[in-house]
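1. got a structure for you, letters missing:
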């Protein structure tokens, strides 16, 4: 079978794109109003209560209308969610239970799952989000970006990009229940002929986590011609997925090796305003708070050129520095204990991912399956139907004002 040496040559123009391997993709969510998401669920409930207590012009102002959504805009229920579908101008009921989402590459936050409040909620994503689903989130290309091209989550991702052009969200499965892999038709058959019957949709996702890289044309994913390289990459990719999925689906939660686990050495103050890193002692400094050891790789971990720990901290503290009279002003009065726990886990995740990077680079070079072979097998070009969402007709969904939606 045809093979070529691609990664070492720098010829990414002949490397398959993630867009061809996982052809169905969805654009990032667009909330239209920042107050519907936040780092803690309690603040979202408080914002909702203040909004539904307001009337007339005050409710309109707090809502923050856009062209897509006003308090009078009709909207269907999000698939799998029990929010009301009456016009929000008439809403008086309790807040829908906030759901955990992935905000950007590594920040787990909360969202009010109410379609009336979200400009572009991407219902097709909610329709296939279940305990079997995994999402590959593509990060937009920036020149000289050394960060990961793809991250993977079991949470519903919003696809927010910390910098540059947003990428796409690619579910691993096109239907609920882990049915119908979102892969180019014929791709698994070709890879099984190469590497054996053990090749599955999840093992391909593991390879993608290992090998995906930025290119001007999009996220490039070389496919190895050598089975030993494939096996090593899949093994590494499974570890990358385990770290990023943070215990989802019964997986083991990520932990640094003994003696390297980060601990709180001095309590985080009630309202930290600064975040610094002492490289000599490997200490993360939050005001008077101290967390260590924090590996240099965790501190320097960037996506789109943006340092992830600084971005995570800034989202929880920068807004509090500016008084507001809108719903955004409703946030925790002091630093919650759970944020410290989440920070320790994020340090662990980023530190482990940084530590695995050298192994990813080792696997970057080797013979690759040539595009000619993909075309000969009928994998390329991808048929248009594979780029569209599958029809999911096994359940009813509520449309605006309580009517049933036609899918």
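-> Arrived safely, thanks for sending. Predicted model only: the values in this text are computed from it and were never measured.

2. give the contact list for the residue sitting furthest away from the middle of the chain.
-> In terms of distance from the mean C-alpha position of the chain, residue 56 ranks first, at 36.7 Å (C-alpha atoms, centre = their mean). Residue 56 makes no contacts at all, as judged by C-beta atoms under 8 Å, 6 or more residues apart in numbering. (C-beta placed from N, C-alpha, C; glycine too.)

3. any idea how far residue 35 is from it?
-> To residue 35, residue 56 is 19 Å away according to C-beta to C-beta, to the nearest Å.

4. pLDDT weak spots in the stretch 101-250 of the chain?
-> 164 (pLDDT under 70).

5. tell me the centre residue of the chain?
-> Mean-position check on the chain, C-alpha atoms, centre = their mean. Result residue 157 at 4.0 Å.

6. residue contacts, it?
-> Neighbouring residues of residue 157 by C-beta under 8 Å, 6+ apart: 101-102, 135, 137, 169.

7. likewise for residue 205?
-> 134, 136, 152, 172, 237, 241.

8. are we agreed that it is in a helix?
-> Yes: membership of residue 205 in a helix is supported by DSSP: H, G, I helix; E, B strand; the rest coil.

9. re earlier: excluding its backbone neighbours, what's nearest the residue nearest to the centre of the chain?
-> Once flanking residues are discounted, residue 157 sits nearest to residue 102: 4.3 Å by C-beta to C-beta, 6 or more residues apart in numbering.

10. how close does residue 370 sit to residue 214?
-> 21 Å.

11. typed the wrong thing, it's residue 259
-> Applying C-beta to C-beta to residue 259 and residue 214 gives a distance of 34 Å.

12. likewise residue 200?
-> Applying C-beta to C-beta to residue 200 and residue 214 gives a distance of 26 Å.

13. settle it for me: which of the two has more neighbours?
-> residue 214 (23 against 14; other C-beta atoms under 10 Å).

14. quick check: that one touching residue 220?
-> Yes: with contacts counted by C-beta atoms under 8 Å, residue 214 reaches residue 220, the gap being 7.5 Å.

15. quickly list what's touching both of these two.
-> With C-beta under 8 Å, 6+ apart, residue 214 and residue 220 have common neighbours residue 149.

16. all strands in the stretch 251-400 of the chain, in order from the N-terminus.
-> Secondary structure of the stretch 251-400 of the chain (DSSP state E, counting those that start in this stretch): strands located at 263-266, 275-278, 283-286, 289-292, 302-303, 306-307, 367-369, 397-398.

17. is residue 138 in a bridge, and if so with what?
-> With DSSP bridges as the criterion, residue 138 is bridged to residue 150.
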